[in-house]
Structure formats: C-alpha cells, structure tokens
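>>> curious how this folds, go ahead:
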Amino acid sequence: MAKFAKSPASNREAAVVDSLIRKLRPFDKSYGSERVSTLGARPLSRMRPIRAPMSAAAVWSCVGLGVLLGAALPQWPYGRACGSWLLLYMVAVGIVVVAGLWGARVSWKSRLGVAHVLAVCTIIWGLALTAQEVLPRIGYAKVRLAWRCHDGQAAESSATRLAAMKPRVDGGAVDLAR
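Residues are numbered from 1 along each chain as shown. Prediction:
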C-alpha cells in the first residue's frame, strides 16, 4: 500500500481554506484546523449519551412509596374533623402529592412510562384527598366544616372517639338475658 505524504502544496491549500473560514466567521474558534491534536483530546461534539439518572429498581421504589402512602391515607386512624389531627392529616396528604411529583420526575428522567403514569395517578389521588378536606371548609360544599375545633365541637368529637374506643360489654349481656 502506498502512503500519501503531505505535500507543501496541500498545506498551502489548507492554509487558504483556513483563512477563508476565518474571514467568514472571525470570532468562531470551533473548527478543528486550529485545535492542537493531542492524545485524549475532547471530541468536537458536545452531545452526551442519554443515560438513566437512577436504576429502575430505585425509580419503582420511589413511586411505590408514594402509592403505598396514598393507599393508606383513607384508613387514617385519628379524627380529622378539626384541630391538630386535621393539620397532621393535611401534612400527610401533602407528602403524598410531593412523593407523586418526585416519582413523576424520576420516572420521566429514567424513561419508565408505567411508573410515570402511576406517579401522576398518585398526584391526582393526593389532590382529591386534599379537595375532600378543603372544599367543605371554604364553603364550596353543602356541609360547612371548621378548621379549628370550638369548645362544643372538641368535646363532642372527643366523646365520640372515646365511645368508639370502648368495647361493647352491654351488648353481650342483653343477648344472654333474652
């Protein structure tokens, strides 16, 4: 095979081409003829390959935690009629919405479609739980509820909670008497 040696004529032609390019773009230093060729030089393209920011298992863990918390909130064990328990419940609902947003972002970046749909459903579920508690308190629903417990409302809600917690002993005695 014949090796082609660079002739001085080709170097002159390259110099003419370089000068013409410099005249067209006087401030652009991106073309490769002026770059010093070194071993391990960076490529001319600045595009990087797309890669997932998290593994699929980590994404599904994030989305799954939001879904589990959203599924557990309808079984909230404390009264949420008013006061501090309502505030704690609303914080938990806010965490569901934030977990859904976080899961949606991570699943979008990782290109996991089903996980993204579940995360968006978690966001919608959290907003529905929020609406269930907020709308009656701002006058949108037929029933009007209060944010803070008043004296009569606090005593009533604590009495009903205590009555619900007591075991029904008299029910068995009535059945035996019959």
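>>> my read: Cys62 touches Arg105, true?
No: with contact taken as CB atoms under 8 Å, Cys62 and Arg105 are classed as non-touching, separated by 9.2 Å. No exception for glycine: its C-beta is placed from N, CA and C like everyone else's.
>>> quick one, which of those two is more surrounded?
Cys62 (22 against 14; other CB atoms under 10 Å).
>>> so where does that one fall, helix or strand?
Cys62 belongs to helix 56-72 when assigned by DSSP states H and E.
>>> elements contacting that helix?
With contacts defined as 3 or more CB pairs under 8 Å, 6 or more residues apart in numbering; DSSP states H and E, the secondary structure elements packing on helix 56-72 are helix 83-109, helix 113-134.
>>> now the angle between helix 56-72 and the longest one, please.
Meaning helix 83-109. 150 degrees (axes from the mean of the first three to the mean of the last three CA atoms, to 10 degrees).
>>> next, the buried residues of helix 83-109.
Across helix 83-109, burial judged by 16 or more other CB atoms under 10 Å covers 83, 85-86, 89-90, 92-93, 95-97, 99-104, 106-107.
>>> secondary structure element for Leu145?
Judged by DSSP H and E, Leu145 forms part of no helix or strand.
>>> wait, doesn't it sit right on Arg137?
Yes: the pair Leu145 and Arg137 qualifies as a contact (CB under 8 Å) at a distance of 5.0 Å.
>>> pull the contacting residues for the residue lying closest to Ala99 once chain neighbours are set aside.
Closest residue to Ala99 apart from its sequence neighbours, by CB to CB, 6 or more residues apart in numbering: Gly66 at 3.3 Å. If you count contacts by CB atoms under 8 Å, 6 or more residues apart in numbering, Gly66 has them with Val96, Ala99, Gly100, Trp102, Gly103, Ala119, Thr122.
>>> got it, and Leu127?
So Leu127 contacts Val97 (CB under 8 Å, 6+ apart).
>>> what do you get if the cut-off is 10 Å, keeping everything else the same?
Residues in contact with Leu127 (CB atoms under 10 Å, 6 or more residues apart in numbering) are Val93, Val96, Val97, Gly100, Val134.
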